[in-house]
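**Student:** how does the following fold in three dimensions:
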Amino acid sequence: MNAPLHRAGLALLLLCAASAADAAQPGTGKTAGEACESAVAETVRRMRGRDAQEVRFVGAKRALSPAPHGDETGVKGEGRYRGVTGGAVPFSYSCAFNTKTGATHGVVFKETGAALAADALWQPDLANLSPEACETATAAALKNKYPRVGRIVFDSASRALRPAPNARTGLEGQGAVERAPGMNSIPFSYRCEFEARSGKVVSVQTTD
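**Tutor:** Residues are numbered from 1 along each chain as shown. Okay, here's the model as predicted:
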């Protein structure tokens, strides 16, 4: 083989290998960036629960840092998740990816925007708000869902007030429901929205 052509072919091979540094690893089907973003999204949902409705990442902010010696690649980037109030909460993250095993570890995320501060300043108008009205509406929704419903129990300690769209107030909580007499009770969560001024329950949702 001609020496210059051989060197050119070798250089091309090395270039392809370098560009594949973030290629999918065997058994994972994901690149370092994708694997870390998947792990970060799972962590955000686990830590923020229902507050994290949608988790998205800013591809242009993703940065990979392969270790000079070893099998790990560091990944850093930015993203945002949509809270229950509809506002976007930005965050930064970091994660490590093992290029041999395809495993991730060291996942860290940190909210970086002012959305949380705005929620912290929010104060609900409690003058006309009745948790009992929410629980009555929730019980009615469960009875409609399970016509033979038995006992319904609400955990008052789980109640939490949150801002809701259209200047409303949201009340969330948990309980247990016996879907029919004699059946085992199953846990459920509920969410009501109140008109801020009148205290009227305008919507109720249950999840079990």
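**Student:** grab the nearest non-local neighbour of the residue nearest in space to the middle of the chain.
**Tutor:** In the chain, the C-alpha closest to the average C-alpha coordinate belongs to Arg45, at a distance of 2.7 Å (CA atoms, centre = their mean). Spatial nearest neighbour of Arg45, excluding adjacent residues (CB to CB, 6 or more residues apart in numbering): Ala52 at 5.0 Å. Placement of C-beta: from N, CA and C, glycine included.
**Student:** burial count for that neighbour?
**Tutor:** Counted with other CB atoms under 10 Å, the burial measure for Ala52 works out to 19 neighbours.
**Student:** just checking, Thr207 touches Ser189?
**Tutor:** Yes. Counting by CB atoms under 8 Å, a contact exists between Thr207 and Ser189, whose distance comes to 5.0 Å.
**Student:** let me know the helix or strand that Val153 is in.
**Tutor:** Assessed by DSSP states H and E, Val153 sits inside strand 152-164.
**Student:** give the pairing partners of that strand; include direction for each.
**Tutor:** Here the strand partners of strand 152-164, with direction, are listed using DSSP bridges: strand 168-177 (antiparallel).
**Student:** export the strand it pairs with as CSV, just CAs?
**Tutor:** Listed in CSV are the C-alpha atoms of strand 168-177, where the atom choice follows Å, rounded to 0.1, in the frame of the first residue of the first chain:
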residue,chain,number,x,y,z
ARG,A,168,-56.0,29.7,42.0
THR,A,169,-54.9,27.8,45.1
GLY,A,170,-54.1,24.1,44.9
LEU,A,171,-54.5,21.6,47.7
GLU,A,172,-52.8,18.3,47.5
GLY,A,173,-53.0,15.3,49.8
GLN,A,174,-53.1,11.5,50.2
GLY,A,175,-55.5,8.9,51.5
ALA,A,176,-56.7,5.3,51.2
VAL,A,177,-59.8,4.0,49.5
